[in-house]
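Student: prediction below, plus the sequence it came from.
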Amino acid sequence: KITEPSGGPRNFWMSHPLGACLLLVSLVVISALSTRAIPGGRRRAMKAAERAQRQRQAEEFAASCQVRRAEGFASSSNCASIGLAQQNGVAELAAPWMLPIKKALNHGGTHRSKRDRSEAKRKQLQLATVNPATGCPSVRTVVFRGFLPSNLVNVAAAPANCESCLLTFITDSRAEKVEHVRGAEPDGAPVECCWWFDEANVQFRIAGRAVLATSTSDDTLLRAACQAVWDRLALSTRRTFIWPNPGEPRQTTPANAPFSKAGTGASAEQSWDTKTSAEQTSAEVGVALEDANFCVLIVVPHRVDELRLGGKQRRTLYTLERDEQGSTLGRPLAMQGTSWRVKDVNP
């Protein structure tokens, strides 16, 4: 027969303090583990929901990029002869693959409260060139600076706000990739870009030829293109094109001392301009285009490979078809054709 201790439960706790402490510790541990298990489960559920939402967004994005493709799709630098138009009054596009690229660049932008670093990363892609002396490839990351306006491709083109399908990048004229382009054939060097958009789960491989535009180019449109890109650069970016020669041993120089291009060259020693007063900040020192080692690298595409990953993988090839009209334009930035052939292939 079990009888209740004298004094009731209160007396029991007082008469067994060690057991009471162990019981309280056990209750605290169980409670803590329970509170940790609930958020962990919630985190796993949230991650699964985010993955599902991202998959749905990628599929919706792929579906939105589906365009009607008619045989003999028209494409040229003139906006009046372009066969693909966007809705809501947006300017027409010069090539069918420009629409999915623009959508990938803007993917998720409308759902963001403010601009973040991921939007800038979308403009970063890989550019591969070939050393004509050795035949070895070289690849590096570059920043997309936009499509070249049509009036800088063809003087008879439509307004300046109409874009061509030519991609622009800026570089130091002493860079290795510039040497690769200059050492190739006169009509341009073969290059290929690889552009991966993580949020949209889509990759673009753009093959074409590279043309250099400098302030001293023989072609007037190339000089105009170089000046137009230079005018859009901030002063801090312009100053990077008067730095010492890339690839040479680094020298100790005064902090914030402006570099003088007069001392550049293969055998000339690099000199720093000391005429600037100490009170004058580096932001007040302007940089002229003629004094900068500045160059615009323009990619004239002729083949684009679009690959969409995810639940419904899809691959589309865009190939520029050569014709007499494209081959007789006779300018450095002239396309070798005026129509794009679109073909869906297996991933």
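Tutor: Nice, I can see it. No experiment lies behind these values; they were computed from the predicted model shown.
Student: measure residue 321 to residue 313 for me?
Tutor: According to CB to CB, to the nearest Å, residue 321 stands 26 Å off from residue 313. C-betas here are computed from N, CA, C, even on glycine.
Student: more neighbours, these two?
Tutor: When neighbours are counted by other CB atoms under 10 Å, residue 321 comes out ahead of the other of residue 321 and residue 313, with 15 against 12.
Student: which residues are in contact with that one?
Tutor: Going by CB atoms under 8 Å, 6 or more residues apart in numbering, residue 321 touches 337, 339-341.
Student: change it to 7 Å
Tutor: With contacts taken as CB atoms under 7 Å, 6 or more residues apart in numbering, residue 321 has the following neighbours: 337, 339, 341.
Student: and for residue 196?
Tutor: For residue 196, the contacting residues are residue 203, taking CB under 7 Å, 6+ apart as the criterion.
Student: is it in a helix, a strand, or coil?
Tutor: When the structure is reduced to helix, strand and coil (DSSP: H, G, I helix; E, B strand; the rest coil), residue 196 reads as strand.
Student: bridging residues for it?
Tutor: Here residue 196 shows beta-bridge partners residue 203, assigned using DSSP bridges.
Student: so for the residue lying closest to residue 229 once chain neighbours are set aside, what pLDDT did the model give?
Tutor: Nearest residue to residue 229, sequence neighbours excluded (CB to CB, 6 or more residues apart in numbering): residue 296, at 5.0 Å. Residue 296 is assigned a predicted lDDT (pLDDT) of 96.
Student: would you verify that residue 296 is located in a strand?
Tutor: Yes: when three-state DSSP is applied, residue 296 is found to be in a strand.
Student: what's near enough to touch it?
Tutor: With contact set as CB under 7 Å, 6+ apart, residue 296 has these partners: 168, 170, 213, 225-226, 229.
Student: name the nearest of the residues you listed relative to residue 345.
Tutor: Nearest to residue 345 out of the contacts of residue 296 is residue 168 (CB to CB; 28.8 Å).
Student: which strand or helix spans that closest one?
Tutor: Residue 168 is part of strand 163-172 when elements are defined by DSSP states H and E.
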